[in-house]
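In: What would the 3D arrangement of this be:
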Amino acid sequence: MTLRTRRLIGQLTRHFLLAVGGIVMLLPFAIMLQTAFTATGASFHNGLSSFTVANFTTVWAQQPWLRLYTNTAVMTALIFLAQVAIGLPAGFALARREFAGKRVATLLVMACLVVPAQVIALPNFVLLARLGWTDHLAALVVPFAGSALAIFLFRQFALTLPQSLFDAARLDGVGPVALVWRVALPNMRPALVTLGVFSVVSHWNDLFWPSVMLQTDQAATVPYAIATYATTEGFTDYGMQMAAASLAVLPLLLGFLATQRQFVRGIAFSVNN
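Out: Alright, predicted model coming up:
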(Lines give C-alpha, C1' and ligand atoms only; values in the text may rest on other atoms or scores of the structure.)
Protein backbone atom coordinates (compact mmCIF):
# COMPACT_ATOMS: atom_id res chain seq x y z
CA MET A 1 0.00 0.00 0.00
CA THR A 2 1.49 3.31 -1.10
CA LEU A 3 1.76 6.41 1.09
CA ARG A 4 -0.82 8.19 -1.06
CA THR A 5 -3.30 5.35 -0.60
CA ARG A 6 -2.81 5.34 3.16
CA ARG A 7 -3.40 9.09 3.32
CA LEU A 8 -6.56 8.72 1.23
CA ILE A 9 -7.87 5.98 3.50
CA GLY A 10 -7.07 8.11 6.54
CA GLN A 11 -8.93 11.10 5.10
CA LEU A 12 -11.95 8.98 4.17
CA THR A 13 -12.01 7.46 7.67
CA ARG A 14 -11.89 10.88 9.33
CA HIS A 15 -14.64 12.24 7.10
CA PHE A 16 -16.78 9.17 7.75
CA LEU A 17 -16.38 9.53 11.52
CA LEU A 18 -17.16 13.25 11.33
CA ALA A 19 -20.27 12.49 9.26
CA VAL A 20 -21.43 9.90 11.79
CA GLY A 21 -20.79 12.34 14.64
CA GLY A 22 -22.75 15.06 12.81
CA ILE A 23 -25.71 12.72 12.29
CA VAL A 24 -25.69 11.71 15.95
CA MET A 25 -25.71 15.36 17.07
CA LEU A 26 -28.36 16.48 14.57
CA LEU A 27 -30.69 13.52 15.15
CA PRO A 28 -32.32 15.02 18.31
CA PHE A 29 -33.08 18.23 16.39
CA ALA A 30 -34.60 16.22 13.55
CA ILE A 31 -36.79 14.31 16.02
CA MET A 32 -37.79 17.59 17.69
CA LEU A 33 -38.90 19.13 14.39
CA GLN A 34 -40.64 15.94 13.25
CA THR A 35 -42.59 15.80 16.50
CA ALA A 36 -43.40 19.53 16.39
CA PHE A 37 -44.95 19.18 12.94
CA THR A 38 -46.93 16.05 13.90
CA ALA A 39 -50.58 16.19 14.92
CA THR A 40 -51.47 15.56 18.55
CA GLY A 41 -51.81 11.85 19.31
CA ALA A 42 -49.66 10.80 16.36
CA SER A 43 -46.22 11.71 17.75
CA PHE A 44 -45.07 8.12 18.07
CA HIS A 45 -46.56 7.01 14.75
CA ASN A 46 -45.72 7.83 11.16
CA GLY A 47 -45.71 11.61 11.13
CA LEU A 48 -45.57 11.94 7.34
CA SER A 49 -49.35 11.53 7.06
CA SER A 50 -50.02 13.73 10.11
CA PHE A 51 -48.07 16.86 9.12
CA THR A 52 -49.48 20.03 10.65
CA VAL A 53 -48.44 23.50 11.75
CA ALA A 54 -51.24 23.70 14.30
CA ASN A 55 -48.83 23.03 17.16
CA PHE A 56 -46.85 26.16 16.33
CA THR A 57 -49.89 28.39 15.90
CA THR A 58 -51.42 27.14 19.15
CA VAL A 59 -48.20 27.51 21.14
CA TRP A 60 -47.61 31.00 19.77
CA ALA A 61 -51.13 32.02 20.75
CA GLN A 62 -50.95 30.47 24.24
CA GLN A 63 -47.62 31.94 25.32
CA PRO A 64 -46.50 35.62 25.46
CA TRP A 65 -43.46 34.95 23.28
CA LEU A 66 -42.54 38.57 22.72
CA ARG A 67 -42.35 39.15 26.47
CA LEU A 68 -40.49 35.88 27.02
CA TYR A 69 -37.98 36.73 24.29
CA THR A 70 -37.53 40.25 25.67
CA ASN A 71 -37.04 39.10 29.27
CA THR A 72 -34.54 36.44 28.26
CA ALA A 73 -32.66 38.66 25.82
CA VAL A 74 -32.27 41.46 28.38
CA MET A 75 -31.13 39.00 31.06
CA THR A 76 -28.56 37.26 28.84
CA ALA A 77 -27.25 40.56 27.44
CA LEU A 78 -26.71 42.05 30.90
CA ILE A 79 -24.99 38.88 32.12
CA PHE A 80 -22.69 38.85 29.09
CA LEU A 81 -21.76 42.53 29.45
CA ALA A 82 -21.05 42.05 33.16
CA GLN A 83 -18.89 39.01 32.44
CA VAL A 84 -16.87 40.97 29.89
CA ALA A 85 -16.48 43.95 32.24
CA ILE A 86 -15.12 41.71 35.01
CA GLY A 87 -13.52 38.87 33.06
CA LEU A 88 -11.47 40.89 30.56
CA PRO A 89 -9.37 42.88 33.09
CA ALA A 90 -8.96 39.79 35.29
CA GLY A 91 -7.94 37.56 32.38
CA PHE A 92 -5.57 40.18 31.01
CA ALA A 93 -3.92 40.56 34.41
CA LEU A 94 -3.42 36.80 34.74
CA ALA A 95 -1.88 36.66 31.28
CA ARG A 96 0.24 39.81 31.06
CA ARG A 97 0.87 41.13 34.56
CA GLU A 98 3.26 39.82 37.20
CA PHE A 99 2.11 39.86 40.80
CA ALA A 100 2.39 37.75 43.94
CA GLY A 101 -0.01 34.80 43.94
CA LYS A 102 -0.57 34.85 40.18
CA ARG A 103 -0.20 31.06 39.82
CA VAL A 104 -2.52 30.41 42.76
CA ALA A 105 -5.11 32.82 41.33
CA THR A 106 -4.97 31.06 37.97
CA LEU A 107 -5.45 27.66 39.61
CA LEU A 108 -8.42 28.99 41.62
CA VAL A 109 -10.06 30.28 38.45
CA MET A 110 -9.62 26.89 36.79
CA ALA A 111 -10.98 25.14 39.89
CA CYS A 112 -14.09 27.33 39.76
CA LEU A 113 -14.82 25.98 36.28
CA VAL A 114 -15.85 22.62 37.77
CA VAL A 115 -18.16 24.01 40.49
CA PRO A 116 -21.84 23.64 39.45
CA ALA A 117 -24.13 26.60 39.98
CA GLN A 118 -26.46 24.39 42.05
CA VAL A 119 -23.78 24.03 44.73
CA ILE A 120 -24.00 27.72 45.69
CA ALA A 121 -27.68 28.19 44.83
CA LEU A 122 -28.91 28.17 48.43
CA PRO A 123 -26.49 30.81 49.86
CA ASN A 124 -27.09 32.97 46.76
CA PHE A 125 -30.85 32.73 47.26
CA VAL A 126 -30.61 33.64 50.94
CA LEU A 127 -28.38 36.65 50.19
CA LEU A 128 -30.55 37.97 47.34
CA ALA A 129 -33.76 37.40 49.32
CA ARG A 130 -32.38 39.47 52.21
CA LEU A 131 -31.56 42.22 49.73
CA GLY A 132 -35.18 42.16 48.57
CA TRP A 133 -34.29 41.18 45.00
CA THR A 134 -36.66 38.23 44.76
CA ASP A 135 -38.62 38.37 41.48
CA HIS A 136 -36.31 41.09 40.13
CA LEU A 137 -34.07 41.07 37.07
CA ALA A 138 -31.03 41.82 39.22
CA ALA A 139 -31.44 38.46 40.97
CA LEU A 140 -31.01 36.71 37.61
CA VAL A 141 -27.97 38.75 36.57
CA VAL A 142 -25.77 39.47 39.60
CA PRO A 143 -24.91 35.85 40.60
CA PHE A 144 -23.43 35.23 37.13
CA ALA A 145 -21.65 38.55 36.61
CA GLY A 146 -18.33 37.05 37.68
CA SER A 147 -17.53 34.11 35.39
CA ALA A 148 -14.52 31.81 35.72
CA LEU A 149 -15.05 30.79 32.09
CA ALA A 150 -14.83 34.41 30.95
CA ILE A 151 -11.60 34.97 32.88
CA PHE A 152 -10.12 31.74 31.52
CA LEU A 153 -11.03 32.51 27.89
CA PHE A 154 -9.65 36.05 28.02
CA ARG A 155 -6.49 34.85 29.71
CA GLN A 156 -5.90 32.18 27.08
CA PHE A 157 -6.51 34.59 24.22
CA ALA A 158 -4.37 37.34 25.76
CA LEU A 159 -1.46 34.91 25.80
CA THR A 160 -1.67 34.65 22.01
CA LEU A 161 -1.30 38.40 21.42
CA PRO A 162 2.25 39.61 20.70
CA GLN A 163 4.01 41.40 23.53
CA SER A 164 5.24 43.99 21.02
CA LEU A 165 1.64 45.20 20.66
CA PHE A 166 1.50 46.18 24.32
CA ASP A 167 5.06 47.53 24.39
CA ALA A 168 4.26 49.86 21.50
CA ALA A 169 1.11 51.04 23.25
CA ARG A 170 3.03 51.79 26.44
CA LEU A 171 5.59 53.80 24.45
CA ASP A 172 2.69 55.87 23.11
CA GLY A 173 1.66 56.67 26.66
CA VAL A 174 -1.27 54.27 26.98
CA GLY A 175 -2.11 53.58 30.63
CA PRO A 176 -3.00 50.21 32.21
CA VAL A 177 -6.78 50.69 31.93
CA ALA A 178 -6.65 51.90 28.33
CA LEU A 179 -4.28 49.04 27.54
CA VAL A 180 -7.06 46.59 28.38
CA TRP A 181 -10.00 48.33 26.71
CA ARG A 182 -8.37 50.15 23.80
CA VAL A 183 -5.62 47.70 22.83
CA ALA A 184 -6.47 44.22 24.09
CA LEU A 185 -10.25 44.26 23.60
CA PRO A 186 -10.28 45.12 19.86
CA ASN A 187 -7.94 42.17 19.25
CA MET A 188 -10.06 39.70 21.24
CA ARG A 189 -13.09 39.41 19.00
CA PRO A 190 -12.95 35.58 18.76
CA ALA A 191 -12.81 35.32 22.55
CA LEU A 192 -15.77 37.69 22.87
CA VAL A 193 -17.82 35.65 20.41
CA THR A 194 -16.90 32.37 22.09
CA LEU A 195 -17.85 33.70 25.52
CA GLY A 196 -21.03 35.15 24.07
CA VAL A 197 -22.10 31.79 22.64
CA PHE A 198 -21.38 29.90 25.85
CA SER A 199 -22.92 32.54 28.11
CA VAL A 200 -26.03 33.25 26.07
CA VAL A 201 -26.81 29.59 25.39
CA SER A 202 -26.29 28.65 29.03
CA HIS A 203 -28.51 31.39 30.48
CA TRP A 204 -31.05 31.40 27.68
CA ASN A 205 -31.78 27.73 28.42
CA ASP A 206 -31.57 28.02 32.20
CA LEU A 207 -34.76 27.07 34.02
CA PHE A 208 -33.27 26.21 37.41
CA TRP A 209 -32.19 29.63 38.68
CA PRO A 210 -35.17 31.66 37.36
CA SER A 211 -37.52 29.09 38.91
CA VAL A 212 -35.77 29.67 42.25
CA MET A 213 -35.83 33.48 42.19
CA LEU A 214 -39.03 34.34 40.28
CA GLN A 215 -42.47 34.25 41.87
CA THR A 216 -44.62 35.57 39.01
CA ASP A 217 -44.81 34.97 35.26
CA GLN A 218 -44.20 38.64 34.49
CA ALA A 219 -40.40 38.15 34.53
CA ALA A 220 -40.55 34.60 33.13
CA THR A 221 -37.94 33.47 30.61
CA VAL A 222 -38.15 31.25 27.53
CA PRO A 223 -37.71 27.87 29.31
CA TYR A 224 -40.97 28.52 31.18
CA ALA A 225 -42.87 28.15 27.91
CA ILE A 226 -41.46 24.66 27.40
CA ALA A 227 -42.04 23.63 31.01
CA THR A 228 -45.70 24.64 30.68
CA TYR A 229 -46.36 21.64 28.45
CA ALA A 230 -44.73 19.09 30.75
CA THR A 231 -47.10 17.35 33.15
CA THR A 232 -46.92 14.52 35.67
CA GLU A 233 -50.62 13.69 35.36
CA GLY A 234 -50.17 10.96 32.78
CA PHE A 235 -50.25 12.93 29.51
CA THR A 236 -47.76 15.23 27.83
CA ASP A 237 -48.56 16.86 24.50
CA TYR A 238 -45.20 16.22 22.88
CA GLY A 239 -46.16 18.01 19.68
CA MET A 240 -46.88 21.23 21.57
CA GLN A 241 -43.82 20.81 23.78
CA MET A 242 -41.50 20.29 20.81
CA ALA A 243 -43.06 23.26 18.99
CA ALA A 244 -42.30 25.41 22.05
CA ALA A 245 -38.76 24.00 22.12
CA SER A 246 -38.31 24.84 18.44
CA LEU A 247 -39.41 28.43 19.00
CA ALA A 248 -37.10 28.66 22.02
CA VAL A 249 -34.02 27.42 20.18
CA LEU A 250 -34.58 29.44 16.97
CA PRO A 251 -32.86 32.68 18.14
CA LEU A 252 -29.87 30.69 19.41
CA LEU A 253 -29.54 28.84 16.12
CA LEU A 254 -29.63 32.04 14.08
CA GLY A 255 -27.09 33.66 16.39
CA PHE A 256 -24.70 30.72 16.16
CA LEU A 257 -24.92 30.59 12.35
CA ALA A 258 -24.00 34.28 12.26
CA THR A 259 -20.94 33.87 14.50
CA GLN A 260 -19.74 30.32 13.88
CA ARG A 261 -16.40 31.28 12.29
CA GLN A 262 -15.37 33.49 15.21
CA PHE A 263 -16.63 30.86 17.64
CA VAL A 264 -14.48 28.10 16.11
CA ARG A 265 -11.46 30.42 16.01
CA GLY A 266 -11.90 31.35 19.66
CA ILE A 267 -12.17 27.70 20.72
CA ALA A 268 -9.03 26.83 18.72
CA PHE A 269 -7.04 29.61 20.44
CA SER A 270 -8.25 28.49 23.88
CA VAL A 271 -7.33 24.85 23.31
CA ASN A 272 -3.94 25.47 21.69
CA ASN A 273 -2.62 27.89 24.31
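In: Tell me which stretches of the stretch 51-200 of the chain form helices.
Out: Taking DSSP state H, counting those that start in this stretch as the criterion, the stretch 51-200 of the chain carries its helices at 54-62, 65-96, 102-112, 121-130, 137-141, 148-158, 163-171, 176-178, 189-204.
In: Show me the shaky parts of the stretch 51-200 of the chain.
Out: The stretch 51-200 of the chain contains no residues with pLDDT under 70.
In: thinking again about what came up before, now distance to L8 too, for the helices of the stretch 51-200 of the chain, in a markdown table please.
Out: Placement of C-beta: from N, CA and C, glycine included. Below are the helices of the stretch 51-200 of the chain laid out as a markdown table (distance: least, C-beta to C-beta, whole Å):
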| stretch | distance to L8 |
| --- | --- |
| helix 54-62 | 46 |
| helix 65-96 | 42 |
| helix 102-112 | 41 |
| helix 121-130 | 53 |
| helix 137-141 | 53 |
| helix 148-158 | 35 |
| helix 163-171 | 42 |
| helix 176-178 | 53 |
| helix 189-204 | 33 |
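In: Y238 is nearest to which of those?
Out: helix 54-62 (9.4 Å; C-beta to C-beta).
In: Okay, buried residues for that closest one please.
Out: Across helix 54-62, burial judged by 16 or more other C-beta atoms under 10 Å covers 55-56, 58-59.
In: I'd assumed A230 was in a strand, is it?
Out: No - counting by DSSP: H, G, I helix; E, B strand; the rest coil, A230 is not part of a strand but coil.
In: And what about the closest residue to it other than its chain neighbours, helix, strand or coil?
Out: Here the nearest residue to A230 in space, its sequence neighbours aside, is T236; by C-beta to C-beta, 6 or more residues apart in numbering that works out to 5.9 Å. Put simply, T236 is coil when judged by three-state DSSP.
In: ok, T236 to L66 distance?
Out: Look at T236 and L66: by C-beta to C-beta, to the nearest Å, they are 26 Å apart.
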